[in-house]
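> Fold the following, please.
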Amino acid sequence: MEEHAICPWCQTEIVWDEEIGPERHCPHCENELSGYRTLQLGLEDEEELGEPAGHNQEQEDWRGGSLDGLNPEEDDLSEFIQYSREHLAFEETVEQIIDEQVEAPECPSCREYMLEAGKQTVTSSSFEPVVPAALSAPILPAPFQVVWYVCPSCFRTENKLATPDQERLVQLLTEAADGKGND
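Next comes the predicted model:
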């Protein structure tokens, strides 16, 4: 008989049989299944929420202690709440930008999707091409364009040859191979 569970991290159904037993890690997202924990943050004011009758007025902070003896300098959570709102807005904007992009490569450092920052035209005055003996012409003659990407998580930048210049490079190398075959 097979057992079914839902990963609390990625919401994927996990199926296992009795012989193997329950999984310790999700086979899809690789998060620990038994270590799922949540943190509740009050992002709205209690007055706005309209507290139900009989609600215990003593609040607890995220560490489990009472907020009655709150030291404003050490235990002020307002910066954390403000950061959370800013972080959510940041994530939403990043997601919108990535949705608009034709291509969104993964960052080689942190594997987040990268944002297209723009194109740079490389001219012959700022680029000295290499001329391989096998080709007797530059692999990448100037001018050409490079597309720049930036990671919104670790801020690493990467670049990639623009599509028209990729096609030009492939054509150049193909023609060079065809020319050698005719010799």
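> Quote the end-to-end distance of stretch 103-123.
25 Å (CA to CA, to the nearest Å).
> I'd like the average pLDDT over the longest helix along the chain.
In terms of residue count, the longest helix belonging to the chain (DSSP state H) is helix 78-100. Averaging pLDDT along helix 78-100 yields 79.
> List the pairing partners of the next helix or strand after that helix within its sheet, with orientation.
Moving toward the C-terminus from helix 78-100, the next helix or strand (DSSP states H and E) is strand 115-122. Strand pairing for strand 115-122, determined by DSSP bridges: strand 144-150 (antiparallel).
> buried stuff in the helix or strand that the strand it pairs with is followed by?
Once the chain leaves strand 144-150, the next helix or strand it forms, by DSSP H and E, is strand 157-161. Neighbour counts over strand 157-161 (16 or more other CB atoms under 10 Å) mark 158, 160, 161 as buried. To be clear about C-beta, it is placed using only N, CA and C from the backbone, and glycine gets the same treatment.
> which helices and strands sit right next to strand 157-161?
strand 144-150 (3 or more CB pairs under 8 Å, 6 or more residues apart in numbering; DSSP states H and E).
> partner residues bridging residue 147?
residue 119, residue 160.
> Tally up the residues packed near it, please.
18 (other CB atoms under 10 Å).
> on that earlier part again, with distance to residue 137 added, can I get the buried residues of strand 157-161 in CSV?
Converted to CSV, the buried residues of strand 157-161 look like this (distance: CB to CB, whole Å):
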residue, distance to residue 137
158, 27
160, 22
161, 17
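> tell me which of those is nearest to residue 144?
Ranked by distance to residue 144 (CB to CB), the buried residues of strand 157-161 are led by residue 161 at 6.8 Å.
> list the contacts for the closest one?
Residues in contact with residue 161 (CB atoms under 8 Å, 6 or more residues apart in numbering) are 140, 144, 145, 146, 147, 169.
> Just among those residues, which is most surrounded?
residue 144 leads the contacts of residue 161 on contacts (other CB under 10 Å) with 20 neighbours.
> Skip the chain neighbours and tell me the closest residue to that one.
residue 165 (4.3 Å; CB to CB, 6 or more residues apart in numbering).
> So for the closest residue to residue 14 other than its chain neighbours, what's the pLDDT?
Nearest in space to residue 14, with sequence neighbours left out and distances taken as CB to CB, 6+ apart, is residue 5 at 4.7 Å. As predicted, residue 5 sits at a pLDDT of 74.
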